[in-house]
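A.B. asks: no sequence for this one, just the structure:
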C-alpha cells in the first residue's frame, strides 16, 4: 500500500478487497458505507460497555454471549455485534484499524468508521490487524501517553489547579461516568502531594445526591492564602450550575443538555480539599441584552467558562462567554468577572463581583461576523509590564483564527479594542516586537494571525519561570470545526507597548509541538491548565494538565524546549551537530549523503539537542529563477532518499522523502512561496520530527501555517521505516540558476526555536 502526502492532504490509496462479499474477517472493514449518519452499520447490534474498558476480547465475549457470530471494535471504544450483511461490505487494508483499545493499548480497536471484525468463535489470542505501528515505549515527553494519569472516567474536562502553601497541588475537574453533557455531570476535586507523581481519589464538591441531580460543570480553582478557619489556606472552586434544574425550553421542548444553563456558583474548602462548605455561594452574572435575546428572555442565562482565575494586585479575574442562542450561539460575547476581595474576605457571603466591561455589550466579533460565527471560551490576562496595566483577552472562533482584544484601562471597564486575530511578532525584526501582520511581505495583511479551530486554548503568565512572559496552548490549524485538536502547540507571549495607536498587547513567538497522539489523531487533547511549580532553590518547572475527555494527564514541559521559547526572540545561533554543511562553492557538485535515520515513530527522545528526525536549513536567492522541478538537493535512488526542489505548480519549494515503500511530500504554502520568490536572500528550513511524525516548513523565521488558504502548513507523515539515504551521494543544485549561499543538514529534529535562531545566524553570517 502506498501513502501519498501532498500539499497538506492525506491521500490513502486503498486496495478494495472483496468489495461486495459475505465472507467476514478477521479483517478491517469500512463502516457506515452509503450511510453518512450511520443509520446502517456493518454490524447492527450495539453493545454498551464502559468506554475505558474496551478490548477486542471483551467485545467478542459480549457478542458471543448475545448469540452473534461476529464482533467488531471501532474508534478505540465502540463494540458492535452481528452476522453478515451482503448489501454493503467493503474490506480495506488492516493498517486502517490501528487505534489502540482504551482498555488495553496493546490491542487495536479499529478507527473512525473502520471496524475490526473477528468471529466470536475464534480462539485466543484473537486476531489483530497486521502492519500497525510498533508500540515499543517512546521516551518523547511530548507523547500524550507518557503523561502521568491523574484520573479516568467516561467523561472528564478542565483539570484546573492551584498550589496551597503546603505545596499540595489541588485541582477541580468536571466528571461524568457516561459522556459529555450527560446526566450526573458534576465537579470533583483531587490533589497531589508529590509534584504530580500520584493523585488522590476524587472528592465531590457538591454533596450527595445534589452533586448528580443538578448538573454542575466547568470549574476553576483558586487558593486564598490564610483566609480559612484557624489561618488555613482556603480553596475556592467556581463553576457553572443549573440550580433551577431547567431541562426544557419555555415551550416545553426537551433540551439535549443543560450544563451551560444557570449560574456561576462557588464552594470552598478549609481542609485542603477533603471536605467542602455546606453553603453554596452565587457569583452574580448581571443580565445583558445578549441574555434577554435568548430563548428564556434572560430569565435563564446561557453561559460557561473555560478560563482559569488570574490575579493582579490582589484582584481576581476570569473570562467567560455569554451565549445568545441555545446551546452555543452565535451570537456570543466575551465578558470578565472580577473580585477585589476574594483573596482576603473570610466571610464568603461578603465577596463582591464586578462584570467587565461596564457596558451593555461584551467583547464580540465585528458586526458583519457577529451573527454568523462563534466567538467563545474567553481567556483573560491582566497585563503587568510595559505601558498601562491593561488587559488582554482571547477566544476561539469558527473563523479558523484565534481572536483577541485588549484595553489599556487598568480597571477593564472600557477601552476594549475591536476584536482582531491574535498575532505573532515578526522574527525578522530584532530589538523590538512588531506584529507580523504589519509586515510588507506576504506574511502580513489580513491572512496573518494565529490559526485555531473550534478547540480550547489556554493563556497564562509566568513570573518565575518566564520572567513575566506568557505561554499559550493552541492547535495551530485553520479548521473551523470541533475537530483537528491534535497536536497541541505552545507559543511564548511577550507584552509590547502601544503601537499604531493601539494599547499595549501580547505578541507571540513561533510555536513548538508540545503534546501529540500520533496513533489516534481523533483523541482531541484539550481544556488544559498550566502549573508553575517553584522549587526550594528558586528554580521553576511548568507542567500542563489536560484531558482527552476520558483520561486526564499531567505533562512536564521539557526544560530545553521551554528555554528555547522564552529566548526565541533573541536567538541567533547555528544548532550544534550538523551532519553536512554546504557553501556556495558546493553548488553544482555532489556531496556525501547524510545518514538520515528511519522515522517510524517508535522512539523520539527529546534531550537538549533534539530527538529523532532530520532537518535542513538553507539561505537561498533567486528561487523565482528556478523552473518547474528544479533540484536544490537530491539523494534519491530506487525510490529512496531525500529531494528538495522548486515545485511545478506555483514556485513552491517541496521536500520529498521516500523509503522505497512510502513517499511523502511537503511544500511551502502560498505566503511562504511568495516570500521565497521575492528579491533578496531568504531562509528555507524544514524539520521532520520523528516523535509525532510531523513535518514543518519555515521561511524567514516564520512557520508556514497554510496562509489562511489551507488548514495547515505542517503535515503528518507516515512511518518511514526503511533506509532514507537513497544513494551515497547528494546532488547540490545541479541546474539551479539562483544561488545557495549556505546550507546545513541535521540527522536529528530541530525545535522551532532552533530553526528561528538558525535563520538569524545564517542571515547575519553574510
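C.D. replies: Arrived safely. Worth saying up front: this structure is predicted, and the values here are computed from it rather than measured. Numbers count the residues shown, from 1 in each chain.

A.B. asks: just give me the residue closest to the centre of this protein.
C.D. replies: In the chain, the centroid-proximal residue (Cα atoms, centre = their mean) is residue 488; its distance is 2.8 Å.

A.B. asks: hang on, isn't that one packed against residue 516?
C.D. replies: Yes - applying Cβ atoms under 8 Å, one finds residue 488 in contact with residue 516, separated by 7.3 Å. No exception for glycine: its C-beta is placed from N, CA and C like everyone else's.

A.B. asks: show me where the stretch 401-550 of the chain has its helices.
C.D. replies: For the stretch 401-550 of the chain, applying DSSP state H, counting those that start in this stretch gives no helices.

A.B. asks: so residue 759 belongs to a strand, correct?
C.D. replies: No - counting by DSSP: H, G, I helix; E, B strand; the rest coil, residue 759 is not part of a strand but helix.

A.B. asks: residue contacts, it?
C.D. replies: Applying Cβ atoms under 8 Å, 6 or more residues apart in numbering, we find residue 759 in contact with 427, 617, 683, 685, 698, 700-701.

A.B. asks: now, the residues you listed that are in strands?
C.D. replies: Among these, the members falling in strands (DSSP state E) are 617, 683, 685, 698.

A.B. asks: now residue 113, nearest residue through space, not along the chain?
C.D. replies: Once flanking residues are discounted, residue 113 sits nearest to residue 31: 5.1 Å by Cβ to Cβ, 6 or more residues apart in numbering.

A.B. asks: pLDDT score for that neighbour?
C.D. replies: Residue 31 carries a pLDDT value of 84.

A.B. asks: count of neighbours near it?
C.D. replies: Residue 31: 24 surrounding residues under other Cβ atoms under 10 Å.

A.B. asks: excluding sequence neighbours, find me the nearest residue to residue 695.
C.D. replies: Here the residue nearest residue 695, using Cβ to Cβ, 6+ apart, is residue 666, at 4.6 Å.

A.B. asks: quick one: secondary structure of the one you found?
C.D. replies: strand.

A.B. asks: quick one: it from residue 391, how far?
C.D. replies: Per Cβ to Cβ, to the nearest Å, residue 666 is found 39 Å from residue 391.

A.B. asks: ok, now residue 468?
C.D. replies: In terms of Cβ to Cβ, residue 468 sits 15 Å off from residue 391.

A.B. asks: so, low pLDDT: which residues of the stretch 401-550 of the chain?
C.D. replies: Filtered on pLDDT under 70, the stretch 401-550 of the chain yields the residue ranges 519, 522-523.

A.B. asks: so where do the strands sit in it?
C.D. replies: 403-407, 420-421, 458-462, 469-474, 488-496, 505-508, 512-515, 526-534, 540-547 (DSSP state E, counting those that start in this stretch).

A.B. asks: same question for the stretch 151-300 of the chain.
C.D. replies: Using DSSP E, counting those that start in this stretch, the strands of the stretch 151-300 of the chain run over 155-163, 169-176, 186-192, 203-204, 216-224, 234-241, 263-269, 281-283.

A.B. asks: mean confidence for the fourth one?
C.D. replies: Per-residue confidence for strand 203-204 averages out to 98 on the pLDDT scale.

A.B. asks: ok now that strand, how far from the chain's centre?
C.D. replies: 28 Å (Cα atoms, centre = their mean, to the nearest Å).

A.B. asks: for it, packing partners?
C.D. replies: Using 3 or more Cβ pairs under 8 Å, 6 or more residues apart in numbering; DSSP states H and E as the contact test, the elements touching strand 203-204 are strand 186-192.

A.B. asks: so what are the sheet partners of the strand it packs on and their directions?
C.D. replies: The sheet places strand 186-192 alongside strand 169-176 (antiparallel), strand 203-204 (antiparallel), with pairing taken from DSSP bridges.

A.B. asks: which is the next helix or strand following the worst-scoring helix or strand of the chain on mean pLDDT?
C.D. replies: One helix or strand of the chain scores below all others by mean pLDDT, DSSP states H and E: strand 9-12, with a mean of 28. Following strand 9-12 in sequence order, the next helix or strand is strand 27-30 (DSSP states H and E).
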